[in-house]
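My questions are about this predicted structure, shown below with the sequence.
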Amino acid sequence: MTEQAVDQTQPLSEEQREALTQQWIKEHFQKANRFLAEQGVIPSKVIAEDSRYLAPLLAVWKMESKQPKAQTFWVMSGDLPSDYVDVKVAATARDAIRHFSMMWQLKAENLTNSGAIKDKTQAQFAQLLVSRAESLYQIHNDEKLWKES
């Protein structure tokens, strides 16, 4: 985020909150694009009406790619590891969140059980996956977050 002097004794106005939220959305959209590019996927557009965000925790973007072949993905970014899956595994952003939660639980369990964890960093990553997976599952189950306005 850009550095701004914010008087922390005064609550943020609605305009300030909205500006911070929009800035967060922009930053995490860019993060999702960068992540896909690092994976060799060139994003061509986002399907905004199917994407969801819960700033400052997570964003789930439905993104189309043009290379290496046209595909659509759910892309996760936020205060968690970035990840992506083919859109075929989940019909909605909510379903994608549940899918990431289960996938991360399995990854962490496989890391732990396979003996692949050789150092403190890998152990911390496995624990991060478990922690974020549990949070994602709670978000998926919270009906208040999924009510249509």
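That came through fine. If you're wondering where the values come from, they're calculated on a predicted model, not measured in any experiment.

Can you spell out which helices and strands pack onto the longest strand seen in the chain?
Using DSSP state E to assign secondary structure, the strand with the most residues in the chain is strand 58-67. Here strand 58-67 touches helix 14-38, strand 42-46, strand 52-54, strand 71-78, helix 93-114, going by 3 or more Cβ pairs under 8 Å, 6 or more residues apart in numbering; DSSP states H and E. (Glycine included, C-beta is placed from N, CA and C.)

Flag every buried residue along the first one.
Neighbour-count burial for helix 14-38, counted by 16 or more other Cβ atoms under 10 Å, picks out 20, 24, 27, 28, 29, 31, 32, 33, 35, 36.

and of these, the nearest to residue 88?
residue 36 (16.6 Å; Cβ to Cβ).

From residue 141, how far off is the closest residue to that closest one other than its chain neighbours?
In this structure, residue 36 finds its nearest non-sequential neighbour in residue 43, 5.1 Å apart by Cβ to Cβ, 6 or more residues apart in numbering. Between residue 43 and residue 141 the computed distance is 29 Å (Cβ to Cβ, to the nearest Å).
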